[in-house]
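Student: sequence first, then the predicted structure, then my questions.
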Amino acid sequence: MKLSVVTITFNNLDELRTTLGSLPNIPQVESVVINGGSCEKTKAYLSEHRDIVSVSEPDHGISDAFNKGYAASHGELVTFLNSGDQLIDPNYYPFAMEYLSNHPEMDFVSADITFAHPTLGKILVKPNSDVAKTPYPHPSLIVRRKVFEMVGGFDRDLKIAMDFDFMCKMVQQKFKGFYYEKNPVVLMDGSGVSSTRGFKAISERRQILNKYKLSNAHTEYYFWQLRVKMHGRNLLERAGLLKLYDHIKYMFVKPRAE
């Protein structure tokens, strides 16, 4: 059984090298890179590595790049590891391939990840049974090709929450998965955190839950809380107190990753 690891990149060659360097060098793992930027160094780097399946051309956003990556891949299993993210458990991919090979009734494997917060350092992110939150940490999600085909890929109309939409379709269609709970498997780059994008993400997530009829009073209350916190965060940012806010928030909400 082969696993295709899709990596999308946009003018960030150093981060791409870090990501690809973290992948296990075994024949069963195929690296697929979708390069949407104009960086000539990135194009030259990819052309020098014939073992990497690559597409260098403009795209129409993250969802389009994800879908291109899937279309270019050949593995029976697919996962997405964005440029800048790193696989930190070298046993995870081989385990997932063996597990899904031996358990045809299962559709995917997921695990914890570590999120590299720009001010707080490493934060542990776990799968959450509350669908309004993160059902599965996306960089850990390894799915069979049939899952991708049945959910219809990533929605190109979404700008931020396309991974959440993909997972909500998985929840709606009741795919079965295994939770690998040994340790975090991916270090996710958090340098792109933005309060402006945060409001957009909240809006898209609400629309997604309503679209799939997964919304209820609890989810609406959860998103109301997020909006209040985001407004508070913006006020503290203007006052120069953002780090204090982040420390208080994550002290009570997210477990730290060692």
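Tutor: Yep, it's here.
Student: which one is residue 199 nearest to, not counting chain neighbours?
Tutor: Nearest in space to residue 199, with sequence neighbours left out and distances taken as Cβ to Cβ, 6 or more residues apart in numbering, is residue 230 at 6.0 Å. In this view, the C-beta of every residue, glycine as well, is placed from N, C-alpha and C.
Student: just give me the neighbour total for the one you found.
Tutor: Neighbourhood size, residue 230 [other Cβ atoms under 10 Å]: 16.
Student: now the helix or strand hosting it: buried residues?
Tutor: Element membership for residue 230 (DSSP states H and E) is helix 217-238. Within helix 217-238, the residues that count as buried by 16 or more other Cβ atoms under 10 Å are 219, 222, 223, 226, 230, 233, 234, 236.
Student: over to stretch 117-128?
Tutor: 117, 120, 122, 123, 124, 125, 126, 127.
Student: over to stretch 56-69?
Tutor: Applying a neighbour-count criterion of 16+ other Cβ under 10 Å, one finds 56, 59, 62, 63, 64, 65, 66, 67, 68, 69 buried in stretch 56-69.
Student: first-to-last residue distance for that stretch?
Tutor: 11 Å (Cα to Cα, to the nearest Å).
Student: against residue 145, how distant is residue 44?
Tutor: Distance, residue 44 to residue 145, by Cβ to Cβ, to the nearest Å: 31 Å.
Student: between these two, who's got more neighbours?
Tutor: Legend: neighbour count by other Cβ under 10 Å for residue 44 and residue 145, higher for residue 145 (15 against 10).
Student: just list the residues touching that one, thanks.
Tutor: 75, 76, 77, 78 (Cβ atoms under 8 Å, 6 or more residues apart in numbering).
Student: buried among the residues you listed? Make that a PyMOL selection.
Tutor: Paste this into PyMOL to select the buried members of those, with burial taken from 16+ other Cβ under 10 Å:
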select buried, resi 75+76+77+78
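Student: dump the contacts of residue 145 to a markdown table, plus distance to residue 111.
Tutor: Shown next, in a markdown table, are the contacts of residue 145 (distance: Cβ to Cβ, whole Å):
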| residue | distance to residue 111 |
| --- | --- |
| 75 | 18 |
| 76 | 19 |
| 77 | 14 |
| 78 | 16 |
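Student: and the strands in the stretch 1-150 of the chain?
Tutor: 3-9, 29-35, 53-56, 77-80, 86-87, 108-111, 113-117, 121-125, 142-144 (DSSP state E, counting those that start in this stretch).
Student: with mean pLDDT and distance to residue 19 added, can I get these in TSV?
Tutor: Formatted as TSV, the strands of the stretch 1-150 of the chain follow (pLDDT from 0 to 100; distance: least, Cβ to Cβ, whole Å):
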stretch	mean pLDDT	distance to residue 19
strand 3-9	97	6
strand 29-35	96	9
strand 53-56	93	13
strand 77-80	98	11
strand 86-87	97	6
strand 108-111	98	17
strand 113-117	89	13
strand 121-125	85	17
strand 142-144	98	16
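Student: between those, which one is closest to residue 152.
Tutor: strand 142-144 (13.0 Å; Cβ to Cβ).
Student: so which elements touch the closest one?
Tutor: Secondary-structure packing of strand 142-144 (3 or more Cβ pairs under 8 Å, 6 or more residues apart in numbering; DSSP states H and E): strand 77-80, helix 92-102, strand 108-111.
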